[in-house]
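In: pasting the structure only:
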């Protein structure tokens, strides 16, 4: 590896060894879990939400270096954002932060497991706090088109 590849490799290793926002939120407003059985990655994300903003977010679990690095970056991107802004987070937001835009297909599930967990937690929270069934149906449709 040379140049930027070396830098990104070091960043991924550092995040995997020292993940940002690693831990649990005891009084979370929403939590969600998912895993990638092919790789053994298993992630839980807890969020605290106040005034339609993610005021705290933490994750716990185990994963490969790419999974842990991407989850760390995602929590940093998410913290302090409005729920509408969190809904707009896309895979390129995470992948580009770590120089993984051209990641092999076999590793993309590792990289995006945390985004799947985050969006599932968000849609669960929103559905639980909506009064109208049409809004919930729209959320389900939006969530199903993510992957």
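Out: Looks like it arrived, so ask away. Note that this is a predicted model, so its numbers are computed, not measured.
In: what are the ranges of the strands in the chain?
Out: In the chain, the strands defined using DSSP state E lie at 30-36, 41-50, 53-62.
In: If you average the pLDDT over the first one, what comes out?
Out: For strand 30-36, the mean pLDDT works out to 95.
In: And the second one, by the same measure?
Out: This predicted structure assigns strand 41-50 an average pLDDT of 97.
In: Could I get the buried residue list for it?
Out: Buried positions in strand 41-50, judged by neighbour count with 16 or more other CB atoms under 10 Å: 41-49. Just so you know, the C-beta spots here come from the backbone N, C-alpha and C atoms, and that holds for glycine as well.
In: Next, count neighbours for residue 29.
Out: By other CB atoms under 10 Å, the residues close to residue 29 number 17.
In: sorry, that was for residue 127
Out: 15.
In: Switch the buried residues of strand 41-50 over to CSV; also include distance to residue 78.
Out: Conversion of these to CSV gives the following (distance: CB to CB, whole Å):
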residue, distance to residue 78
41, 18
42, 19
43, 13
44, 15
45, 9
46, 12
47, 8
48, 11
49, 11
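In: Can you say which two of those residues are spatially most distant?
Out: Among the buried residues of strand 41-50, the pair separated by the greatest distance (CB to CB) is 41 and 49, at 24.8 Å.
In: Pull out the buried positions in stretch 102-109.
Out: 103, 109.
In: So what touches that stretch?
Out: Residues from elsewhere that reach stretch 102-109 (CB atoms under 8 Å, 6 or more residues apart in numbering): 36, 38-39, 41, 66, 95, 111.
In: Show the contacting residues for residue 19.
Out: Counted by CB under 8 Å, 6+ apart, residue 19 has contacts 59, 68-69, 71-72.
In: Apologies, that question was intended for residue 38.
Out: Residue 38 neighbours (CB under 8 Å, 6+ apart): residue 109.
In: phi, psi of it?
Out: phi -70, psi -30 (degrees, to the nearest 10).
In: Look up how far residue 83 lies from it.
Out: According to CB to CB, to the nearest Å, residue 38 and residue 83 sit 31 Å apart.
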